[in-house]
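> Below are the sequence and a predicted model for it; my questions follow.
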Amino acid sequence: MENKGKYYITTAIAYTSGKPHIGNSYEIVLADSIARFKRKEGYDVFFQTGTDEHGQKIELKAAEAGITPKEFVDDVAGTIKGLWDLMDTSYDKFIRTTDDYHEKQVQKIFKKLYDKGDIYKGAYEGLYCTPCESFWTESQLKDGKCPDCGRDVKPAKEEAYFFKMSKYADRLIEHINTHPEFIQPVSRKNEMMNNFLFPGLQDLCVSRTSFKWGIPVDFDDRHVVYVWLDALTNYITGIGYDADGNHDDMYGKNWPADLHLIGKDIIRFHTIYWPIFLMALDEPLPKQVFGHPWLLQGDGKMSKSKGNVIYADDLVEFFGVDAVRYFVLHEMPFENDGTISWELLVERINSDLANTLGNLVNRTISMSNKYFGGVVSNKGVTEAVDEDLKAVATGTLDKVLAKMETLHVADALTEIFALFKRCNKYIDETEPWVLAKDEAKADRLATVLYNLTEGIIIGASLLESFLPTTAKKIAEQLNTELRDFDQLKEFGLYPSDNKVTETPEILFARLKEDEVIEKATAMFAERAATVAPAEEAAEAENFGNSVIDIEPKEEILYDDFGKMQFQVGEIIACEEVKKSKKLLCSQVRIGSSVKQIVSGIKQHYSAEEMVGKKVMVLVNLKPATLAGIVSEGMILCAEDAEGNLALMVPEKEMPAGAEIC
RNA sequence: GGCGAGAUAGCUCAGUUGGCUAGAGCACACGGUUCAUACCCGUGGUGUCGAGGGUUCGAAUCCCCCUCUCGCUACCA
């Protein structure tokens, strides 16, 4: 196979806050299939994946578990690597952001950018808006006041490091415009341009002082490096980048990356921040960033306490590795989210893997054994019907190549299965069992079986990148080798008079939907029973007995507190604010008066369930207009790290208007 | 609210620059076949191509408007 040069592909590194579910394990399989395919195309592939192990969330989870953050991430990283291995993925490098060489380079990179002036220490004196909890740069102020609320801004107590994003914005816009392939799918390009680049990039805060579990800024160790700056650089530190220029040869060879494969939720970080960091480092930009869609669970929302979270290892236990690989690859379209459910899994496996492919291999080998003692011979007795089979078999490679070129992996699989379907049809057209009854047709029969065997091995060779184990099994059963791509345009390379296995193994057994669902239901029930008592509190991640730290605010006087009037309010009516996605407009009875209050809680409470609730209200807040509606107060809520809200309600029955003090 | 995408068979979706009786896979029904994992092959849709209007000899495909869904983003007292 000719060498086509290097191909460096990466996945996003997985966040080690917990075991990833199947939707998160999809990416590694997709990347693996692309990596294997590129290798077969003749590229010198380097495939990197790994784990992202710093951040406040991990610090909290470790504390919750009573272990150190490092112990925590060692455990989870081990689990993730185990899953990647279970899925039969052929990564060349598994990087962890706690690896010492990575941490050292991140520190050097931070210093380098600081020395260069792209990172500067927060000059926020007079520029913090307390009510908005936002920092502003001088240029963002309107008439010297907060651009959001128009109030005074004042000196910030917390210092932080910032990255001058705007400095490189024009260059990035230029790059994106001149490289239409850079952001995939293209629809994402518009989102980035319209929402971030055109309105103007704000400088990014790239350090934190509110927690410790991160890479310290070496010249100012009260700060740790922002997790995204830490995580994104894995793509270069993993292949030997050195901030001083003493790169490993691997780096010179592989950078820039050919493809960053990531989830659509982190496209912003990979197509804006990451390219800009690279520009600041004077390094070339990755050639392509593909934000793939998600594989969502169809039958109800996943929840640990319900026990119905599907993990890759569950599916492997039920169906086997290749069946799972096939499903996630096939079910995931290019641009829209895909769905996973037990019903869909059974349907896909039965119709494609068991019926079309497995049965084809099985019936072909069975006939060879039955009619010729397993010997497959090309007797050269061809008929017109053979031509189409041969044309399809030798033409599939180009079709698959074309689909893979644009990363349409699901469509590539469909092309391969079209070949297997064609083989099945060929059996029907040639009717080997009829030929077998006439001894004069023995050579024709042998030729037919030879053609079938050849068609199957061509298909299996194409399938290898996606279902490596299955492809290998087919080759073993046919007693031959899988082929390189440059041998797939020729028909007839299967050695004549070769003998296939006498005992063909069933590749994929047909499944009964109700049995699978019954088994899955039992598994979920058992898991819910064991998980619920112990982990229900911890379930909703950081709820229950976990804790949350927020940025401390300035100390206030009792007088400040005394200025605020809190009362119990009864919601007597509530309706959605049509023009908004998050706002509910409530009529709240407070004593004998009724106030109209708008709250951003539509995603957590429906208008109907709000009615009748007694809630905590800040009543003497200056009225404001939201989405065109006057709001005369504030309904108080608790909020967790994920932004979930809970209304504050009195613990005992209290009348509307009761003072909260 | 801003920007963008989409609404096509029961389900998941294809439908190039407008053109003959609108397609594929799955599911379903019927027929054929028996080598094979009750499998394979064939046949079968009167689908308002989201609603309405317009341009055109002709529109799923172009224009206008409406409804709904989704993504990103803003607001979220």
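Thanks, I have the structure now.
> Could I get the buried residue list for stretch A:188-203?
Of the residues in stretch A:188-203, those buried under the neighbour-count criterion (16 or more other Cβ atoms under 10 Å) are A:Arg188, A:Lys189, A:Met192, A:Met193, A:Phe196, A:Leu197, A:Leu201, A:Asp203. Every residue, glycine included, has its C-beta placed from N, CA and C.
> quick one: contacts for the nearest residue to the fifth one once chain neighbours are set aside?
Excluding the flanking residues, the one nearest A:Phe196 by Cβ to Cβ, 6 or more residues apart in numbering is A:Ile272, at 5.8 Å. A:Ile272 makes contact with A:Met165, A:Leu172, A:Met192, A:Phe196, A:Leu197, A:Leu201 under the criterion Cβ atoms under 8 Å, 6 or more residues apart in numbering.
> what's the closest of those residues to A:Pro293?
A:Pro293 has its nearest neighbour among those in A:Met192, at 16.5 Å by Cβ to Cβ.
> And for the nearest residue to the closest one once chain neighbours are set aside, the neighbour number?
The shortest distance from A:Met192 to any residue that is not its chain neighbour, by Cβ to Cβ, 6+ apart, is 5.4 Å, and that residue is A:Thr271. Other residues lying near A:Thr271 total 29 when counted by other Cβ atoms under 10 Å.
> three-state assignment of A:Thr271?
Three-state assignment for A:Thr271 (DSSP: H, G, I helix; E, B strand; the rest coil): helix.
> any idea how far A:Thr521 is from it?
Here the distance between A:Thr271 and A:Thr521 works out to 42 Å (Cβ to Cβ, to the nearest Å).
> now swap in A:Ile173 and tell me
52 Å.
> what's the answer for A:Val568, then?
When distances are taken as Cβ to Cβ, A:Val568 and A:Thr521 turn out to be 44 Å apart.
> Looking at those two, which one has more neighbours?
In this comparison of A:Val568 against A:Thr521, neighbours counted by other Cβ under 10 Å, the higher total goes to A:Val568 at 23 against 13.
> how about the residues of the stretch 151-300 of chain A near RNA strand B?
Where the stretch 151-300 of chain A comes near RNA strand B, counting by Cβ under 7 Å from any atom of the strand, the residues are A:Ser187, A:Asn190, A:Glu191, A:Asn194, A:Asn195, A:Lys264, A:Asp265, A:Arg268.
> Most widely separated two among these?
A:Asn194 and A:Asp265 (17.7 Å).
> ok, A:Phe211 - how many residues close by?
For A:Phe211, the tally of surrounding residues (other Cβ under 10 Å) stands at 16.
> Other residues contacting the strand ranked longest in chain A?
In chain A, assigned by DSSP state E, the strand with the most residues is strand A:566-576. Strand A:566-576 is touched from outside by A:583-591, A:594-595, A:597, A:602, A:607-608, A:610-619, A:633, A:635-636, A:650, A:654-661, with contacts defined as Cβ under 8 Å, 6+ apart.
> So which of these reach RNA strand B?
Applying Cβ under 7 Å from any atom of the strand to the contacts of strand A:566-576, those adjacent to RNA strand B are A:Leu583, A:Ile597, A:Leu618, A:Gly633, A:Ile635.
> quick one: contacts for the third one?
For A:Leu618, the contacting residues are A:Met564, A:Gln565, A:Phe566, A:Gly633, A:Met634, A:Leu636, by Cβ under 8 Å, 6+ apart.
> now A:Glu659, nearest residue through space, not along the chain?
Of all residues apart from its sequence neighbours, A:Gln567 sits closest to A:Glu659 (Cβ to Cβ, 6+ apart), at 5.6 Å.
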